[in-house]
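Student: Sequence first, predicted coordinates after that:
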Amino acid sequence: MMTHRFIPALVAAAFSGDLLAEDNWAQFRGPTGRGHSVSTDVPTSWDESKIAWKADLKGSGQSSPVVWGDQIFLTGASEDGTERYVMSLSKKDGSLLWSETIASDSPEEIHKMNSRATPSCVTDGENVVAFFGPAGIHCFTTGGEKKWEVDLGVFAGSWGIAASPIIVDGKVIQNCDSMGVSRLVALNLEDGSEIWSTPREEKPRGGWSTPILIDTGERQELVLNGEFGVRGYDPESGKELWFCEGFNGRGAPVPDFHDGKLYVVNGKPGDTYCVKPGGSGDVTKTHRLWNSSRKGGRDLPSPVVVDGYLFISSMSGIVSCYDAETGDVFYTERLVEEGAVEVAAAPLVVNGLIYLQTVSGGDVAVIRPGKELDIVSVNSLGMKAKDEIFRATITPTAGQLLIRSGTTLYAIGE
């Protein structure tokens with residue numbers, strides 16, 4: 001296929017495959033927590049005419065759509081942060097099924113790129129859990145009845161939080177990094193009681209990265225990026241198993257896991273690196289397989305590995321592709337030939353293609369991984385979305401894509 005460059009254009013709609021997408025996209029970035037979908041039927045090209053429906057959301061936020069059955073779960077916050085909202089919408093038409101309000105007496109400071117409703121919900125089909133940092137973590141039934149809430153601390157600092165909860169074997173796992181006391185905590189899903197709490201040394205920055213659960217072949221591990229590097233934990237006890245030092249701070253991007261190896265990006269400028277999990281103690285010298293130069297500036301989007309290619313986008317829209325086995329660089333190019341775009345959301349991988357969304361206006365480039373930059377399509381939500389800000393990740397569901405701006409949810413596809 002001929003290589004395109006990312007230009008503002010509307011592209012005719014095209015659909016592929018006839019299999020249904022995941023019935024449930026139950027947590028931030030889906031079943032694996034890494035943004036990889038088994039769908040084959042979501043759109044690869046669209047324009048404004050392919051918006052099936054759109055819904056105005058209560059408050060504003062950056063949490064990503066979470067789906068179970070016919071329900072979509074999202075969060076929002078009032079402008080001053082004194083109210084937080086947990087919402088359930090109908091997947092059929094975006095209508096509001098229920099909404100619950102959580103009061104916050106002491107709203108936290110946030111960075112201008114963050115919101116007070118950035119962590120995504122997690123659900124097991126019976127419970128839905130939402131985390132609001134100093135405004136607590138809250139559990140509802142999927143019908144909207146409150147089950148419990150827990151105060152997890154003050155979360156010191158001016159950056160705000162972004163780490164989403166996950167559910168593992170009846171435990172809600174939450175990253176509680178901040179500029180003050182930091183820890184990784186597990187709560188009982190049924191009543192919110194604490195099961196374990198493990199201190200973390202990530203105090204210089206806030207808590208933005210979400211843990212993922214991986215299987216090394218010998219054991220399961222919780223893997224969590226952070227200010228100083230990436231760490232592995234025992235999901236049953238919370239014990240820290242290993243640590244691999246990074247090349248710079250922030251540690252916001254979620255690592256990808258492919259072919260038994262972890263692929264990690266720092267956040268601040270610095271080498272990307274590959275780690276073999278399953279070690280013990282400081283494994284920086286023994287389990288870091290390779291590191292490779294990053295020249296795109298700050299990294300907020302997470303890395304993804306597809307068909308042996310490691311793909312990373314910087315915040316400034318400079319995309320790079322590496323050999324996942326060796327770290328050799330195939331290319332580093334701008335998505336836009338002239339000017340720049342901002343990219344914040346982690347990419348979505350569907351059918352071997354990478355969906356990468358811009359912050360301003362929510363245009364999405366669909367990219368085929370390879371040794372050269374190959375942009376399959378560039379897709380727009382139309383002029384009415386041009387003034388909206390998009391930092392949530394894209395959710396695939398039943399042949400559609402759910403795309404969230406700060407205040408609006410869009411469903412794309414038939």
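Tutor: Right, received. Where do you want to start?
Student: Near T210, how many other residues are there?
Tutor: Neighbour count for T210, taken as other C-beta atoms under 10 Å: 26. In this view, the C-beta of every residue, glycine as well, is placed from N, C-alpha and C.
Student: so what's it closest to, chain neighbours aside?
Tutor: In space, and not counting its chain neighbours, T210 is closest to S164: 4.5 Å by C-beta to C-beta, 6 or more residues apart in numbering.
Student: Which strand residues bridge K261?
Tutor: Taking DSSP bridges as the rule, K261 bridges to H258.
Student: Quickly find the element holding the residue nearest to D124 when sequence neighbours are not counted.
Tutor: Counting by C-beta to C-beta, 6+ apart, I167 is the residue found nearest to D124 once chain neighbours are left out, at 5.4 Å. Per DSSP states H and E, I167 falls inside strand 166-168.
Student: pLDDT on that strand, on average?
Tutor: Across strand 166-168, the average pLDDT comes to 98.
Student: ok, now stretch 332-340?
Tutor: Mean predicted lDDT for stretch 332-340 stands at 84.
Student: Surely P65 and N24 touch.
Tutor: No: with contacts counted by C-beta atoms under 8 Å, P65 stays clear of N24, the gap being 11.9 Å.
Student: Looking at these two, which is more packed in?
Tutor: P65 (26 against 17).
Student: Now do the contacts for that one.
Tutor: W25, I72, F73, L74, S120, A392, T395, T397, L402, R404, L409 (C-beta atoms under 8 Å, 6 or more residues apart in numbering).
Student: re earlier: tell me the helices and strands packed up against the next helix or strand after the strand holding I167.
Tutor: Downstream of strand 166-168, the next assigned helix or strand under DSSP H and E is strand 171-175. Applying 3 or more C-beta pairs under 8 Å, 6 or more residues apart in numbering; DSSP states H and E, we find strand 171-175 packed against strand 137-141, strand 166-168, strand 183-188.
Student: hmm, who's touching strand 171-175?
Tutor: 122, 129, 131, 137, 139, 152, 163, 165-167, 184-189, 192, 195, 207, 209-211, 222, 224, 235.
Student: May I have the strands that pair with it, each with its orientation?
Tutor: Here, using DSSP bridges, strand 171-175 pairs with strand 166-168 (antiparallel), strand 183-188 (antiparallel).
Student: Serialize those to JSON lines and add fields for mean neighbour count.
Tutor: Formatted as JSON lines, the strands paired with strand 171-175 follow (neighbours: other C-beta atoms under 10 Å):
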{"stretch": "strand 166-168", "mean neighbour count": "19"}
{"stretch": "strand 183-188", "mean neighbour count": "21"}
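Student: Take those and lay them out in CSV including distance to Y263.
Tutor: Formatted as CSV, the strands paired with strand 171-175 follow (distance: least, C-beta to C-beta, whole Å):
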stretch, distance to Y263
strand 166-168, 19
strand 183-188, 21
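Student: Go through those strands and name the closest to H111.
Tutor: If you check each of the strands paired with strand 171-175 against H111 by C-beta to C-beta, strand 183-188 wins as the nearest, at 21.6 Å.
Student: quick check: angle from that closest one to strand 137-141?
Tutor: Calculated by axes from the mean of the first three to the mean of the last three C-alpha atoms, to 10 degrees, strand 183-188 forms an angle of 20 degrees with strand 137-141.
Student: pLDDT on strand 183-188, on average?
Tutor: 97.
Student: Contacts for it next, please.
Tutor: 137, 150, 152, 168, 170-176, 193-200, 211, 222, 224, 233, 235, 238.
Student: Quick one: the strands in the stretch 151-300 of the chain, in order.
Tutor: 166-168, 171-175, 183-188, 194-199, 212-215, 220-225, 229-233, 240-245, 256-258, 261-264, 272-275, 281-282, 288-292 (DSSP state E, counting those that start in this stretch).
Student: Nearest to G370, out of those?
Tutor: Going by C-beta to C-beta, the one of the strands of the stretch 151-300 of the chain nearest G370 is strand 256-258, 16.2 Å.
Student: what's the closest one packed up against?
Tutor: strand 261-264, strand 304-306.
Student: Quick check: which helices or strands does the longest one pack against?
Tutor: So the one you mean is strand 261-264. strand 229-233, strand 256-258, strand 272-275.
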